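Trainee: Next come a sequence and a model predicted from it.
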Amino acid sequence: MRLHISLDDELIEQLDRRVGARRRSAFISETVRHALEDERRWEDIEAGLGALAGSDHEWDQDPAGWVTAQRHGDPSRVG
């Protein structure tokens, strides 16, 4: 699908120096794809905020000790 987008001359010059005039569309398409994926990830992160209660976790008293115990509690894990 074709789409008309206006960009500043300076931005187009930078784009052309980076990817060349013949690769503009491909670069813009890939960049938009990445930006949309980033936005989706942030939505997922924000949706999960507050999912865990603020206290009463196993790790509250000693987070480093809890991590160490998790790492050494399963012999198949390394670290």
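Mentor: That came in fine, so what should we check first?
Trainee: Every contact and neighbour count from this point should use C-alpha atoms.
Mentor: Noted.
Trainee: So which elements touch the longest helix anywhere in the chain?
Mentor: Secondary structure assigned by DSSP state H gives helix 24-48 as the longest helix of the chain. With contacts defined as 3 or more Cα pairs under 8 Å, 6 or more residues apart in numbering; DSSP states H and E, the packing partners of helix 24-48 are helix 9-19.
Trainee: thinking again about what came up before, which outside residues touch the longest helix of the chain?
Mentor: In this structure, residues lying in contact with helix 24-48 by Cα atoms under 8 Å, 6 or more residues apart in numbering are 15-16, 19.
Trainee: centre of the chain versus the worst-scoring helix or strand of the chain on mean pLDDT, how much separation?
Mentor: Every helix and strand of the chain was ranked by mean pLDDT, DSSP states H and E. The lowest is helix 63-73, at a mean of 87. Relative to its chain's centre, helix 63-73 lies at 27 Å (Cα atoms, centre = their mean, to the nearest Å).
Trainee: List the buried residues in it.
Mentor: Judged by neighbour count (16 or more other Cα atoms under 10 Å), helix 63-73 contains no buried residues.
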